[in-house]
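>>> This is a predicted model, with the sequence first.
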Amino acid sequence: MKKTFLMLLLVLCAGLHAQSRHEFSLYGGAGWATLLYDDVATDKFNKFKGRTDFGALGGLGYTFFFNEYCGLGLGAEYALYNSEPEFGDPIERAKLQLMAVQIPLMLQVQVGGWHKFFLAAGGKLGLPIDASSKSKKDGYKDWPEKPKLEVTDAIISAEMGAKWKFKEGIYLYSGFYLDYGVNSMLKSGYRNATKENPDMTPLAAGFKLRLALGGGSVLDPPVLEFVTGQDSISAGQSAVLKWIASNADTVYIDGVGAVPAQGSAEVSPSQTERYTITAKGRGGVETKSVLVAVKPLPIPSVAFSISPKTILKGQAATLTWMVSDADQINMVGVGLMPDKGTMEVKPSETTKYILTAKGKGGEKTEFVEVVVEIPPGPSVIFNATSPIIQKGQSATLNWITTDAESVSIEGIGPVPDKGTRTVKPTQTTKYVLTAKGKDEVKTEMMVEIIVEEPPPIEEKVNLKGVNFLPGKSVLSLDAKRVLDGVVEQLLAYPNVRIEIQGHTDNLGKAVTNQKLSEARAKAVVAYLASKGIKLNRMKAVGYGPNQPIADNSTEEGRELNRRIEMIRVDK
């Protein structure tokens, strides 16, 4: 309950602290405290006998200031006194405690600036509310357990110290106090030699802290008027601040600085800004604010398009643009542009056009893209009759093109739009045919001919299929085809030397068969030479019927004996 009451009282004080003549406070103090009493032996008043003890006080106060330097204070406080008086013969001690409510009335004088020195003097009316005592010698009959309380006591009081100012209306007093009782606040209850119930008067001195809320002076607070000529401006424009201040020692505007008590200032904020003016005087501080709204400049507006959006290579498209609120317009790859216009472009590939407009309000970028399609190229048919050949053999390339202005084969050169070409690669080769049409549009096709190494030439080969008419040495077409294969092998192995042997069966005369075998061997060598095989690599020999490989008594045996053999003689 006490805490709630104190909180409500502090809130009330805070609400009234702006009234500069009034000050409300909460204080407390502690220090040395005792009770003066009549001497037992000499009957003289105010003798310090016995021991003193700790005491404390605390309460609420109110001060009304007549002017900046002087005020009258009133309050209510709770006080605690402790003492150990001496009595009896032999001398004994008792422990005595007194609790009282005191009502101070003080005249306060203060001097200084932000912090002050103060001196207060006056009186207090003391009302005892409780007292207790106990003799340290149990059962001593002359010392009562309950001293007799007096109704009131007049106390002379004085304080001095410093008054610290935290901010306007909030102060902390710190200093020393002295309270001296004029008359008795209670009777001891002890009877001395000459007097019954001697007087006991309070005396206290200590350190005191006081938290105060209020004006603390009677000076008038600053009076302030603050306006702006334009509540709203555009970016880049100015506004005029105007003010008049009275009862102020200093005037300050945030963002502007110190200013005179009356005047005007031109400001050019880049964005909406609040300006606060502060006037400080001995009577307090006053602040006011005005808001200057800044309307941003418009960002450039850009309309940018292209037509058509898709074209064939070689065709044109048209760019169209219109820009407002811009100081500079630039197109990437083109340069500075007017605020509106059209332009024909003819890109060779898909292209993005970027237009940037810059103004006071900012920057805006737009882009358009034109898709460039490649027209269909010439049609091409391209192949090889023999995609796989042996080394030394030939292959034939075949092609047909349409809608082509020029045709070429890599490694061969320009060729007609259709045709054939015999090639004889020595290794695997790729032939690329390129057919170019209008606007350099081209079609490419590739044919690969794989060249394999021929099988090695054996030491002795029966050239089966190299046959002749009976009694003749003229090669048949089938024989020539077989010998063409032999030519490719010999060309693939240029270091090989051979002997061509002719053989017959045993029918007929031996001399005739001998001459026929020689003629047939020479016919084979002549054909091979006609195909590019050097004569110094070949030799023709006829053996007639002398080296049969089968039985001449049968037709099958005689057919096997009629043969041409190729013998390697380089080994």
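All right, it came through fine. Numbers count the residues shown, from 1 in each chain.
>>> Using the record's domain definitions, break this structure down for me.
Using automatic domain parsing, the domain parsing of the chain gives 2-214, 223-295, 301-373, 379-452, 460-568.
>>> now those as TSV including mean pLDDT?
Converted to TSV, the domains of the chain look like this (pLDDT from 0 to 100):
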stretch	mean pLDDT
domain 2-214	75
domain 223-295	87
domain 301-373	89
domain 379-452	87
domain 460-568	90
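>>> Could you dump those domains into TSV with mean neighbour count added?
(Glycine included, C-beta is placed from N, CA and C.) Below are those laid out as TSV (neighbours: other CB atoms under 10 Å):
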stretch	mean neighbour count
domain 2-214	17
domain 223-295	15
domain 301-373	15
domain 379-452	15
domain 460-568	17
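>>> quick one: strands adjacent to the helix or strand harbouring Trp321?
For Trp321, the host element (DSSP states H and E) is strand 317-324. If you go by DSSP bridges, strand 317-324 pairs up with strand 301-307 (antiparallel), strand 340-345 (antiparallel).
>>> Could I get those in JSON lines, plus columns for distance to Leu291?
Shown next, in JSON lines, are these (distance: least, CB to CB, whole Å):
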{"stretch": "strand 301-307", "distance to Leu291": "29"}
{"stretch": "strand 340-345", "distance to Leu291": "39"}
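>>> so which of those strands comes closest to Tyr173?
Closest approach to Tyr173 among these is made by strand 301-307 (68.3 Å; CB to CB).
>>> that older thread, contacting residues around the strand holding Trp321?
300-309, 311, 329, 337, 339-347, 353, 355, 357, 368, 370 (CB atoms under 8 Å, 6 or more residues apart in numbering).
>>> same thing but 7 Å
The list of residues contacting strand 317-324 from outside it, by CB atoms under 7 Å, 6 or more residues apart in numbering, reads 300-308, 311, 329, 339-345, 353, 355, 357, 370.
>>> Would you give the sheet partners of the very next helix or strand once past that strand, along with the direction of each?
Using DSSP H and E, the helix or strand that follows strand 317-324 in sequence is strand 328-331. Take DSSP bridges as the rule and strand 328-331 pairs in its sheet with strand 335-336 (antiparallel), strand 351-359 (antiparallel).
>>> can you give me phi and psi for the residue at the greatest distance from the centre of the chain?
For the chain, the largest distance from the centre (CA atoms, centre = their mean) belongs to Lys509, which lies 110.2 Å off. Main-chain torsions, Lys509, degrees, to the nearest 10: phi -80, psi 150.
>>> cool, and the one 4 residues further on?
When read as degrees, to the nearest 10, the backbone of Asn513 gives phi -60, psi -30.
>>> what's near enough to touch it?
504, 544-545.
>>> As a markdown table, the residues you listed with secondary structure would be great.
Formatted as a markdown table, the contacts of Asn513 follow (DSSP: H, G, I helix; E, B strand; the rest coil):
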| residue | secondary structure |
| --- | --- |
| Thr504 | coil |
| Gly544 | coil |
| Pro545 | coil |
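>>> possible to save those as JSON lines with distance to Ser517?
Shown next, in JSON lines, are those (distance: CB to CB, whole Å):
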{"residue": "Thr504", "distance to Ser517": "5"}
{"residue": "Gly544", "distance to Ser517": "5"}
{"residue": "Pro545", "distance to Ser517": "8"}
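>>> Run through the strands of the stretch 101-250 of the chain in chain order.
Listed in chain order, the strands of the stretch 101-250 of the chain (DSSP state E, counting those that start in this stretch) span 116-135, 148-149, 153-167, 170-181, 186-187, 199-214, 223-228, 232-234, 239-246, 250-253.
>>> and Asp478, which of those strands is closest to it?
Of the strands of the stretch 101-250 of the chain, nearest to Asp478 by CB to CB is strand 232-234, at 104.7 Å.
>>> starting at the chain centroid, how far to that closest one?
34 Å (CA atoms, centre = their mean, to the nearest Å).
>>> Kindly report the same for stretch 155-173.
The answer for stretch 155-173 is 54 Å, by CA atoms, centre = their mean.
>>> hmm, who's touching that stretch?
Here stretch 155-173 makes contact (CB under 7 Å, 6+ apart) with 17-18, 102, 104, 106, 110, 114-124, 126, 174-182, 202, 208-216, 284-285.
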